[in-house]
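> give the three-dimensional model of this entry:
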Amino acid sequence: MSRAILGGAGRPVGFLALMVSLALAGSALAQTLTVAINEGMPGFDPGANNRTVPSQVYPNIFDKLVGKDVNGQLIPSLALTWESTGPNTWHLTLREGVTWHDGAPFTAADVEFTIERIANTPELARHVLFNNVTDVEVLGDYEIVIHTERIDPLLPNNLAANGAEILPKHYFEAVGVDAATVSPIGTGPYKFVEYRPDDRLIVEAYEGHWRGVAPYSQVVFRVIGEGTTAVSELITGGVQITSVSASDRDRVESSPNVRLVAQPTNRVVHWTFNTSEGLPTSDPRVRAAIDYAIDDTVFVEVLEGGYGNVTRARTGPGDNFAPSGVYGEYLYDPERAVELLAEAGYGPGELHITLMGGTEANDRAELTAAMLEAVGIVADIQLFESSVWSSRYWNPGEFVHMAAVGSSNSTFDYGSTLTDLMCPEGVHSARSHWCHEEFSQLVRDANAELDPAKRQELLDQATQIILDERPQIYMYNTVNFIGIANSVDYTPRADGHLFLFEAKPAGN
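I've put the predicted structure just below:
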């Protein structure tokens, strides 16, 4: 005859052990946060990337010299202070006691290495951030002076921008760029554990982080290309945070265990033209006809559920030095579109245009194609799985006529936004093959101008060139909708970063 050994309150000791075990297991599970991202990681080299998903994820692994709070205001990060000490110099005092994820100390040598690498490598996507930097002078382990070729009032903003994350000099020199950007180390709140391509990225809290230990011991970024699938995972508990499209908002709002949070952004949805010689889209009249053929308000109503706003420039709420008369404005005149096509030598059905993008742009492409066909343009849609499309657009930049793109600006400065179309260093200029020397010089002059009124005038002149030339046509500014499990206390950021040091279990 067997006997149960009893604990307190007459319960078997085995029962109590089981309860303790389950409680500990539940606690461990509660410390893992799972977040959906819609494409895989292209590597871990921030200076080489300007894509949305890696820009959202990198701040968890790496730190920048200058940070931003949830409202987008500049705050100290690896740099405690930054001060202009002359027309071409910025003096920075660095934070002491910071360590890399391998335990090595962070010093000014890492800053020198990172900034000069981006400044001296035009092939890097974020070269535009520091192409004005001539050198970084190291005054001590925690003191530097950044020298610029021209006056650079935007340098603090650029130090806080996507791609400005500081990299470990000693690690790159020891293992080489390829290895360092596959298995990264940073000074961020989470350290790299594993990346399974197109499946998931796993990071864990770094106990030696200078901000303190992150509330979640582990974060898993799951790659889920279809937004509807990601929302299903949110509702059933497979993920705790995901972006939500207009078509899925009702599902989230009707679920008792999750909530929907709206976050205004300066992200602008647009079409980029390939303006290469010999293509029909090299003709400004064709680009103008396409602009007039598209009714931007339809996209806001149908795809965004009435949220967001139409715009003729790449700007949104909170952007400094944005031009007037473009936000909330749009062009729609199908009759004028037909006239412009005739001027360019195209009658009904004679112009064939290929629309390309990721599968997530399907609805946008379908609506655009219908509008183009209404003015006599034959539209062919070619869509690709997200990671394939990102590589196709951002790396070689080869697309046929029109590319579906969405762009935000982490600096919240309109002048910084326009650098993407400067020639030859702008990332969108390279991909659209549009090079306008007057435009580029206006932006350079504006971004070196200290007088706000003069700077605004220069940026307005540059904007007019874009409106006339149309290397890109801007459609609408978006509002991000984020689905968050009620078990998670998290406020989405204005810059769109998934900075999960700020997330914690609800009630903690």
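> contacting residues around L92?
When contacts are counted by Cβ atoms under 8 Å, 6 or more residues apart in numbering, L92 touches 65, 79, 81-83, 111, 143-146. C-beta here means a position set from N, CA and C on the backbone, and glycine is covered the same way.
> same thing but 10 Å
With contact set as Cβ atoms under 10 Å, 6 or more residues apart in numbering, L92 has these partners: 65-66, 78-83, 108, 111, 136, 139, 142-146, 155-156, 159.
> the helix or strand harbouring it pairs with which strands, and in what direction?
Applying DSSP states H and E as the criterion places L92 in strand 89-94. Strand partners for strand 89-94, identified by DSSP bridges, are recorded as strand 79-86 (antiparallel), strand 143-148 (antiparallel).
> from the chain's centre, how far out does it sit?
27 Å (Cα atoms, centre = their mean, to the nearest Å).
> what's the following helix or strand after that strand?
With elements assigned by DSSP H and E, the helix or strand that comes after strand 89-94 is helix 108-119.
> check what contacts the helix or strand following that next one and list those residues.
Using DSSP H and E, the helix or strand that follows helix 108-119 in sequence is helix 127-130. Contact with helix 127-130 is made by 47-48, 50, 114-122, 124, 136, 146, 148, 152, 154-155, 157-159, 161-164, 411, 416, 419-420, 422, 424-427, 429, as judged by Cβ under 10 Å, 6+ apart.
> ok, of these, which come out buried?
47-48, 50, 114-119, 124, 136, 146, 148, 152, 154-155, 157-159, 161-164, 411, 416, 419-420, 422, 425-427, 429 (16 or more other Cβ atoms under 10 Å).
> now, those that are in helices?
114-119, 155, 157-159, 416, 427, 429 (DSSP state H).
> how close does the residue positioned nearest the centre of the chain sit to M41?
Nearest to the geometric centre of the chain sits T52, at 3.2 Å (Cα atoms, centre = their mean). Distance, T52 to M41, by Cβ to Cβ, to the nearest Å: 12 Å.
> L367 too?
Distance from L367 to M41, by Cβ to Cβ: 30 Å.
> who has more neighbours, those two?
M41 (21 against 16; other Cβ atoms under 10 Å).
> specify the local secondary structure of that one.
Three-state assignment for M41 (DSSP: H, G, I helix; E, B strand; the rest coil): coil.
> shaky segments in the chain?
Applying pLDDT under 70 to the chain picks out residues 1-30, 395-397.
> what about the longest strand in it?
For the chain, the longest strand by residue count, based on DSSP state E, is strand 258-273.
> what residues sit buried inside that strand?
Buried, per 16+ other Cβ under 10 Å, within strand 258-273: 258, 260, 263-273.
> same check, this time on stretch 367-384
Buried, per 16+ other Cβ under 10 Å, within stretch 367-384: 367-369, 371-372, 375-377, 379, 381, 383-384.
> try stretch 243-262
Using 16+ other Cβ under 10 Å as the burial criterion, the residues of stretch 243-262 that qualify are 243-246, 248-249, 251-252, 255, 258, 260.
> go on, stretch 383-397?
Buried residues in stretch 383-397, counting neighbours by 16+ other Cβ under 10 Å, are found at 383-384, 386-387, 389-390, 392-394, 397.
> and what of stretch 463-478?
Counting neighbours by 16+ other Cβ under 10 Å, one finds that the buried residues in stretch 463-478 are 463, 465-467, 469-478.
> nearest to G306 among the strands paired with strand 89-94 would be which one?
Comparing the strands paired with strand 89-94 by their distance to G306 (Cβ to Cβ), the top pick is strand 79-86, with 40.9 Å.
> circling back to that earlier point, among the strands paired with strand 89-94, which is nearest G237?
Here strand 79-86 is closest among the strands paired with strand 89-94 (Cβ to Cβ), at 40.1 Å.
> just want the angle from the closest one to helix 108-119.
60 degrees (axes from the mean of the first three to the mean of the last three Cα atoms, to 10 degrees).
> and the strands in the stretch 401-508 of the chain?
Counting by DSSP state E, counting those that start in this stretch, the stretch 401-508 of the chain has strands at residues 402-407, 472-485, 488-489, 504-505.
> name every strand pairing with the longest one and say which way it goes.
Sheet neighbours of strand 472-485, with direction, are listed as strand 241-243 (antiparallel), strand 258-273 (antiparallel), strand 309-310 (antiparallel) (DSSP bridges).
> reformat these as TSV; add distance to Q31.
Formatted as TSV, the strands paired with strand 472-485 follow (distance: least, Cβ to Cβ, whole Å):
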stretch	distance to Q31
strand 241-243	15
strand 258-273	19
strand 309-310	40
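> among the buried residues of stretch 243-262, which are located in strands?
Using DSSP E, the buried residues of stretch 243-262 in strands are 243, 258, 260.
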